[in-house]
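Enquirer: Requesting a structural model of the entry that follows:
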Amino acid sequence: MNPTTSTITILSLGLGTTLTFIGSHWLLIWMGLEINTLAIIPMMIHQHHPRAVEATTKYFITQASASALLLFASVTNAWTTGQWNLTELLNPTSATLTTIALALKIGLAPLHFWLPEVLQGLDLITGLILSTWQKLAPFAILLQLYPLLNPNLLTLLGILSTIIGGWGGLNQTQLRKILAYSSIANLGWMIIILHYNPNLTQLNLILYIIMTLTTFLLFNTFNSTKINSIASSSSKSPLLSIMALMTLLSLGGLPPLSGFMPKWLILQELTKQNLIIPATIMAITALLSLFFYLRLSYATTLTMNPNPLNMSSSWRTKTINPNLLLTMMASLSILLLPLTPAIITTIM
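Expert: Numbering: from 1, shown residues only. So this is what the prediction gives:
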């Protein structure tokens with residue numbers, strides 16, 4: 001991509017998210033979301049590949065539908081209450097429509113249908129932006145509106161997301177689709193606790209971004225988009241393959257890694273709210289996600305890349321060294337669990 005175009009696109013992404021963060025008027029917030037959506041489209045389509053064009057078209061149509069629904073909800077609320085302020089969402093119909101629109105924007109089940117297909121058509125760096133940065137603006141709105149939203153709807157969306165995110169990733173061989181279903185499952189954990197303890201939603205979102213950033217950077221370093229191609233990573237860089245193993249298990253929420261912290265705290269909070277059945281379902285569905293993370297971990301560290309007999313082996317033909325960003329993110333993805341008491345004291 002042209003450097004000028006890249007600069008304008010990145011600045012527009014930052015501008016759209018910042019407008020949504022600081023805005024209190026519905027039209028300003030809607031404008032920020034629209035700038036955010038339009039800014040990432042050149043990054044998605046710059047490959048000039050039919051699959052990228054298809055993914056971009058699906059993303060644009062979905063986001064436009066969500067934006068139209070959000071605008072309709074805000075206009076309905078202004079019509080009934082006379083208020084355009086974000087925190088004056090007093091109309092129950094508008095609150096429900098807003099929740100559905102934001103769920104469609106971030107890819108919560110059962111409105112998740114676009115996310116795996118779109119992510120599959122993108123390169124890993126653009127997929128990283130879609131999976132992390134593009135989640136910030138909708139969650140900024142949700143975190144301001146949480147007292148006004150229907151907790152039963154949020155609980156339903158959370159449970160469905162963890163179930164579908166777990167089941168959907170079981171039979172996948174494409175790494176980007178697996179990460180898409182991983183995103184859906186993690187978003188379910190964030191949304192189910194939003195009404196009861198938004199600080200835990202923020203903590204889960206931060207850790208999810210750190211772990212997803214590490215995973216995408218590792219796969220980009222390995223230049224892998226399929227499970228069978230990631231098998232060569234252990235021969236190219238044993239250190240990075242071990243980092244990938246630990247990061248994937250952390251994404252699955254396995255102790256004693258960082259990803260266990262938000263799941264543990266969310267289950268504890270759900271139990272305090274006497275939501276025993278949702279907490280049990282969430283704990284069981286976490287095992288589904290853990291299964292495909294274990295598949296990836298096995299492929300990364302315990303298998304060798306298959307080669308035909310008439311080909312020379314790729315054993316240690318290329319040594320890959322981790323950069324500073326990858327090392328920092330991987331360390332945070334793995335080693336934060338002992339700091340849980342300090343983090344709880346800070347956010348509570």
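
Enquirer: and the helix or strand bottoming out on mean pLDDT in the chain, what does it pack onto?
Expert: In the chain, the helix or strand scored least confidently by mean pLDDT, DSSP states H and E is helix 233-236, which has a mean of 72. With contacts taken as 3 or more CB pairs under 8 Å, 6 or more residues apart in numbering; DSSP states H and E, helix 233-236 sits against helix 238-251, helix 276-301. Where you see a C-beta, it was placed from the backbone N, CA and C, and this is true even at glycine.

Enquirer: Export these as a markdown table, with columns for mean pLDDT and distance to Tyr208.
Expert: Output for the helices and strands packed on helix 233-236, formatted as a markdown table (pLDDT from 0 to 100; distance: least, CB to CB, whole Å):
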| stretch | mean pLDDT | distance to Tyr208 |
| --- | --- | --- |
| helix 238-251 | 88 | 8 |
| helix 276-301 | 90 | 12 |
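
Enquirer: Tell me which of those lies nearest to Thr93.
Expert: Of all the helices and strands packed on helix 233-236, helix 276-301 sits nearest to Thr93, with 24.9 Å by CB to CB.

Enquirer: Buried residues, stretch 61-77. List them.
Expert: 62-63, 66-67, 69-71, 73-74, 77 (16 or more other CB atoms under 10 Å).

Enquirer: Any chance you could list what contacts that stretch?
Expert: Residues outside stretch 61-77 that contact it (CB atoms under 8 Å, 6 or more residues apart in numbering) are 26-27, 30, 33-34, 37, 83-84, 88-91, 93-95, 97-98, 100-102, 104-105, 114, 118.

Enquirer: what about the chain, any weak spots by pLDDT?
Expert: 304-322, 348 (pLDDT under 70).

Enquirer: I'd say Thr37 and Met43 touch.
Expert: No - the pair Thr37 and Met43 fails to qualify as a contact (CB atoms under 8 Å) at a distance of 11.7 Å.

Enquirer: what's the following helix or strand after the strand or helix carrying Leu213?
Expert: Per DSSP states H and E, Leu213 falls inside helix 198-222. Counting by DSSP H and E, the next helix or strand C-terminal to helix 198-222 is helix 227-230.

Enquirer: For that following helix, could you pull out the residues that count as buried?
Expert: Buried residues in helix 227-230 (16+ other CB under 10 Å): 227, 230.

Enquirer: list the helices and strands it packs on?
Expert: If you count contacts as 3+ CB pairs under 8 Å, 6+ apart, helix 227-230 packs onto helix 198-222, helix 276-301.

Enquirer: so how far is it off the chain centroid?
Expert: Mean-position distance between helix 227-230 and its chain equals 22 Å (CA atoms, centre = their mean, to the nearest Å).
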